[in-house]
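Asker: 3D model of this:
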Amino acid sequence: METMLQLESVTVQFGSGDTAMRPLADVNITIQAGERVALIGANGSGKSTLLRVLAGVQPGFIGQRRVQKVPCGMVFQHPYLLRMSVLRNVALVPWLAGMRWSLARDKAMHTLETFGLVDLAERSAHSLSGGQVQRVAIARAWAGGPQILFLDEPSANLDPRAKREAEAFMQQVTARDTALTLVFASHNLGQVKRLATRVIFMDAGVVRADLPVDVFFSGHRLADEFPEAQQFVRGETRMP
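Answerer: Next up is the predicted model:
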């Protein structure tokens, strides 16, 4: 498999001395093409910081980040849509990448049609529900043609129905583009089981476990080798 992204001895530190905080400490990770990698852990574990480093939007880290020069997309936990139509919001991504506006609009409409969102095309983005915003934000990122897509808590702060819609949309995107490499932070273990091929468990800024999803949730190896991860899965540590 082709290596898409690699971190070597990456540390993120805020402050110095006794008051220094380290959201990440000496992290080493390799992401291969086509993987579906879930980052999990309790509040303050470092999973969102790790996602931002992987996505290249976290400044001031120590260590090496090596990435294939391929298009990447990022959707934050609270995605921001501009006060304009959904179609225009989606068209902005290819337009900012250098495409003529007329072609960018065509690409945006094709994207909305592809993922069953065409009925939202002329709606004001600020009139959408939380689940609709999340789906449009993911579609907007996909419109840029990313080979790696980063999602930070894609179904957090949504009601149960919207959570199901957001997850179904993620499944639709990955099924549509099987070559897409997906890296997402999540506290929803059911979602991780359904979407991920690999699980990285974070605790206190350190990678405590990095396993294929079926091995991670089988329980046997966690009990023997990764007690912190087993406690988390059992709900014995604080969830986000």
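Asker: The residue nearest the centre of the chain: what's it in contact with?
Answerer: Among the residues of the chain, the one closest to the centroid is Leu151, at 2.0 Å (C-alpha atoms, centre = their mean). Residues in contact with Leu151 (C-beta atoms under 8 Å, 6 or more residues apart in numbering) are 74-75, 138, 170, 182-185. All C-beta atoms are positioned from the backbone trio N, CA, C, and that covers glycine.
Asker: if you set the cut-off to 7 Å instead, what comes out?
Answerer: 75, 184 (C-beta atoms under 7 Å, 6 or more residues apart in numbering).
Asker: Helix, strand or coil: sort out it for me.
Answerer: Under DSSP: H, G, I helix; E, B strand; the rest coil, the three-state class of Leu151 is strand.
Asker: mind checking pLDDT for it?
Answerer: pLDDT for Leu151: 94.
Asker: ok, now Thr237?
Answerer: Thr237 is given a pLDDT of 54.
Asker: Surely Gly131 and Pro160 touch.
Answerer: No: in this structure Gly131 lies outside contact range of Pro160 using C-beta atoms under 7 Å: 10.1 Å.
Asker: more neighbours, the two?
Answerer: Gly131 (19 against 8; other C-beta atoms under 10 Å).
Asker: On the three-state scheme, that one is what?
Answerer: Going by three-state DSSP: Gly131 is helix.
Asker: Could you check how far Leu54 is from Arg105?
Answerer: 31 Å (C-beta to C-beta, to the nearest Å).
Asker: And those two? Which one has more around it.
Answerer: More crowded of Leu54 and Arg105, by other C-beta under 10 Å: Leu54, with 27 against 18.
Asker: So for the helix ranked longest in the chain, mean pLDDT?
Answerer: If you go by DSSP state H, the chain has its longest helix at helix 160-176. The pLDDT scores in helix 160-176 average 81.
Asker: what's the next secondary structure element after that helix?
Answerer: strand 181-185 (DSSP states H and E).
Asker: angle of that next one against helix 160-176?
Answerer: Relative orientation of strand 181-185 versus helix 160-176 (axes from the mean of the first three to the mean of the last three C-alpha atoms, to 10 degrees): 160 degrees.
Asker: Output strand 181-185 as PDB, restricted to C-alpha atoms.
Answerer: What follows is strand 181-185 as a C-alpha-only set of coordinates in PDB (Å, rounded to 0.1, in the frame of the first residue of the first chain):
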ATOM      1  CA  THR A 181      -8.300   7.900   2.600                       C
ATOM      2  CA  LEU A 182     -10.500   8.900   5.600                       C
ATOM      3  CA  VAL A 183      -9.200  10.000   8.900                       C
ATOM      4  CA  PHE A 184     -11.800  11.000  11.500                       C
ATOM      5  CA  ALA A 185     -12.000  11.700  15.200                       C
END
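Asker: What strands line up against it, and which way round?
Answerer: strand 36-40 (parallel), strand 148-152 (parallel) (DSSP bridges).
Asker: quick one, which of those strands is nearest to Leu211?
Answerer: strand 36-40 (10.8 Å; C-beta to C-beta).
Asker: quick one: contacts of that closest one?
Answerer: 31, 47, 50-51, 174, 182-187, 192, 195-202.
Asker: cool, stretch 51-68 as well?
Answerer: Here stretch 51-68 has contacts from 4-12, 24, 39, 49, 72, 74, 150, 152, 183, 185, using C-beta under 7 Å, 6+ apart.
Asker: Just the C-alpha atoms of it, please, in PDB.
Answerer: Taking C-alpha atoms only, stretch 51-68 is exported to PDB below (Å, rounded to 0.1, in the frame of the first residue of the first chain):
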ATOM      1  CA  LEU A  51      -6.200  15.200  13.600                       C
ATOM      2  CA  ARG A  52      -5.200  18.900  13.000                       C
ATOM      3  CA  VAL A  53      -1.500  17.900  12.800                       C
ATOM      4  CA  LEU A  54      -2.300  15.200  10.300                       C
ATOM      5  CA  ALA A  55      -4.400  17.600   8.300                       C
ATOM      6  CA  GLY A  56      -1.600  20.200   8.300                       C
ATOM      7  CA  VAL A  57      -3.600  22.900  10.200                       C
ATOM      8  CA  GLN A  58      -1.900  22.700  13.600                       C
ATOM      9  CA  PRO A  59       0.900  25.300  13.800                       C
ATOM     10  CA  GLY A  60       4.000  25.000  16.000                       C
ATOM     11  CA  PHE A  61       4.500  21.200  16.400                       C
ATOM     12  CA  ILE A  62       7.900  19.600  16.900                       C
ATOM     13  CA  GLY A  63       8.800  16.600  14.700                       C
ATOM     14  CA  GLN A  64       8.300  15.600  11.100                       C
ATOM     15  CA  ARG A  65       5.200  15.500   9.000                       C
ATOM     16  CA  ARG A  66       5.600  13.900   5.600                       C
ATOM     17  CA  VAL A  67       2.600  13.900   3.200                       C
ATOM     18  CA  GLN A  68       2.000  13.000  -0.400                       C
END
